[in-house]
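Participant: Prediction below, plus the sequence it came from.
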Amino acid sequence: MAKTTIDTALLYATLDAARQERGLSWRGLAKEIGVSPSLLSRLGNGLKPDTDGFATLVAWLKLPAEEFFSAQGDQRQLAEAGQPDLMAQLAPLLRARKDLNETDIKYLEQVIGATIARARAQG
């Protein structure tokens, strides 16, 4: 049976990208998020956050918690489970952006759709 865990490396990398974008130290990022610096340090060392810490981090990132879930277990079960359609995942994210107008969104959907089709044709 497949087991779902938190992908700490992905969560840490996502936080690091946000930290760099804001020009903050890890301590400054922890203060902005409202968590202890030790929580971020533990993540950097591959340790899992507590439930409240995880919820605070993903809420601050404004990303769904599922983005940081990783399934482990029988590879056959994982392959059969499949993945959601990439465009189905991206469309709500694009439409939620306040800095994109409808024309921008349609353009990005076309570009991403063409890229996906090309990747599938080559794969």
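Facilitator: Received it, and whenever you're ready, just let me know what you need.
Participant: Pull the contacting residues for the residue nearest to the spatial centre of the chain.
Facilitator: For the chain, the residue nearest the mean C-alpha position is Glu67 (4.2 Å; C-alpha atoms, centre = their mean). The contact partners of Glu67, by C-beta atoms under 8 Å, 6 or more residues apart in numbering, come to 10, 58. Every residue, glycine included, has its C-beta placed from N, CA and C.
Participant: how far away is it from Ser41?
Facilitator: With distances taken as C-beta to C-beta, to the nearest Å, Glu67 is found 22 Å from Ser41.
Participant: and if you look at Thr56?
Facilitator: Thr56 is 15 Å from Ser41, by C-beta to C-beta.
Participant: When these two are compared, which one has more neighbours?
Facilitator: Thr56 (16 against 13; other C-beta atoms under 10 Å).
Participant: And the more buried one, what's its pLDDT?
Facilitator: On pLDDT, Thr56 comes in at 97.
Participant: Mind checking what secondary structure the closest residue to it other than its chain neighbours has?
Facilitator: Leaving aside its sequence neighbours, Thr56 sits nearest to Val35 (C-beta to C-beta, 6 or more residues apart in numbering; 5.6 Å). Secondary structure assignment for Val35 (DSSP: H, G, I helix; E, B strand; the rest coil): coil.
Participant: Domain parsing of the protein, as residue ranges.
Facilitator: Following automatic domain parsing, the chain resolves into domains at 3-80, 83-122.
Participant: any idea which of these is most buried?
Facilitator: domain 3-80 (a mean of 14; mean count of other C-beta atoms under 10 Å).
Participant: Which residue ranges of this structure form strands?
Facilitator: 3-6, 69-72 (DSSP state E).
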